[in-house]
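3D model of this:
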Amino acid sequence: MASRWWTFTVERFEPISHSLMIVLFFSAHLVVFLTCLRPGRSIQWPPTLLIFLGTTIFFYELRLYGELKDYETDIRLNPTRPRARGLLQREDLHGAIALCVPLELLLFAVEGGGALVGAGIAISYSWLMYKEFFMGEIIRPHLTTYAVSHTVVSSF
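Residues are numbered from 1 along each chain as shown. This is a model prediction of the structure:
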């Protein structure tokens, strides 16, 4: 099972490119936090690294939701993707999400209530994204609307 998860991760959450993207994303948020929200505050490394880990897990969770959501399309158009070819099952992805969510909340809680609430909002919004806001048939054909609605989660 570990090798299947590693294969999934390498194929769908390529570590180098995703790590670079997450570092840039996290750094931008850290700069905004330190300059606008908490001017004069210095970086506290242990909690900052835990928040970074929580952010990384959150992005991985988004990929897991995407694999679940896009399964029917992948069967038809991308049959070599991990879930479409049977590498992981739906239950495997749900189990991983069930591990990610409490871990994210725990990691964000080290920074206090504000970070915990922000993480909770982001997690809730990501679930709504997974459900395509309960109007997938309406928004899916409108690529710009679909993309923008799925980009909002990064602001949390």
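
state the distance from residue 52 to residue 107.
Residue 52 sits 9 Å away from residue 107, going by CB to CB, to the nearest Å. Any C-beta I mention is one placed from the backbone N, CA and C, and that applies to glycine too.

ok, these two, which is more surrounded?
Between residue 52 and residue 107, counted using other CB atoms under 10 Å, residue 107 has the larger neighbour count: 23 against 16.

just checking, that one touches residue 58?
No. Counting by CB atoms under 8 Å, residue 58 is not a contact partner of residue 107; they are 9.3 Å apart.

mind listing the helices for this structure?
Secondary structure of the chain (DSSP state H): helices at 2-12, 15-32, 45-69, 71-77, 90-109, 113-130, 136-139, 143-151.

most remote residue from this structure's center?
Largest separation from the mean C-alpha position in the chain: residue 40, at 29.8 Å (CA atoms, centre = their mean).

contact partners for that residue?
Not one residue lies near residue 40 by CB atoms under 8 Å, 6 or more residues apart in numbering.

per-residue pLDDT of it, please?
Note for residue 40: predicted pLDDT of 83.

got phi/psi on it?
Dihedral pair for residue 40: phi 90, psi -10, per degrees, to the nearest 10.

ok, residue 103 to residue 116 distance?
Distance from residue 103 to residue 116, by CB to CB: 13 Å.

repeat for residue 110
Per CB to CB, residue 110 is found 9 Å from residue 116.

how about the residue most central in space within the chain, nearest residue that isn't a chain neighbour?
Geometric centre of the chain, nearest residue: residue 59, 2.5 Å, by CA atoms, centre = their mean. Residue nearest to residue 59 in three dimensions, not counting chain neighbours: residue 22, with 5.8 Å by CB to CB, 6 or more residues apart in numbering.
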